[in-house]
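Novice: sequence first, predicted coordinates after that:
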Amino acid sequence: MNTGSSKPGEVAMATDDSGTREAPGERALGSRAPEFVKARRLLHVSWQVGVFLVGLAVVGTGIVLLPLPGPGWVIIFGGMAIWATEFVWAQLVLRWTKRKVTEAAQRALDPKVRRRNIVLTSIGCVIVAAIAGFYVWKFGFMMPWKIKDQ
């Protein structure tokens, strides 16, 4: 396994000169395993396998919960956070996701966008009410549990 280092037992860590510019408050990329784990290559690989399997189980549970009632996306991002404790690719995916969610929240708070969303929601409610009114006018209002045998 290539750890990015020529010395046995060392693990490559991203430095400030690696081209990844961090925003203030963001943690450095790389493994967050304890130092005694990082010092031993076999233990560190075992640690990474364990983190990967736990993250995989959590992400798999989230995927199963997507069509079922439950917080599927929250659990998937929780699994990604578990992976991000050990893998740089997961850290980058989480940073990108956080940035996109923040941008979307800022756009949604824009007064023009909010006004447009309120207008579109109101128009949709009026259309649904008109369809429901037409149905009641045409077929009448009868609860399904009070249908008489025909």
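Specialist: Structure received. Numbering: from 1, shown residues only.
Novice: tell me the centre residue of this protein?
Specialist: The centroid of the chain falls nearest to F77 when counting by Cα atoms, centre = their mean (3.6 Å).
Novice: name the element that residue belongs to?
Specialist: Assigned by DSSP states H and E, F77 falls within helix 72-84.
Novice: so which bits of the next helix or strand after that helix are buried?
Specialist: Proceeding N to C from helix 72-84, the next assigned helix or strand is helix 88-108, under DSSP H and E. By 16 or more other Cβ atoms under 10 Å, the buried positions in helix 88-108 come out as 90-91, 95. Bear in mind the C-beta positions are built from the backbone N, C-alpha and C, glycine included.
Novice: off-centre distance for the very next helix or strand once past helix 88-108?
Specialist: As assigned by DSSP H and E, the chain's next helix or strand after helix 88-108 is helix 111-139. Distance of helix 111-139 from the chain centroid (Cα atoms, centre = their mean, to the nearest Å) equals 31 Å.
Novice: look up how far A129 lies from I123.
Specialist: 11 Å (Cβ to Cβ, to the nearest Å).
Novice: one step back: helices or strands up against the helix holding F77?
Specialist: Helix 72-84 sits against helix 41-65, helix 88-108, with contacts defined as 3 or more Cβ pairs under 8 Å, 6 or more residues apart in numbering; DSSP states H and E.
Novice: tell me the angle the first one makes with helix 88-108.
Specialist: Relative orientation of helix 41-65 with respect to helix 88-108: 40 degrees, computed using axes from the mean of the first three to the mean of the last three Cα atoms, to 10 degrees.
Novice: wait, isn't the residue nearest to the centre of the chain in contact with V93?
Specialist: No - the criterion here is Cβ atoms under 8 Å, and F77 misses it with V93 at 9.7 Å.
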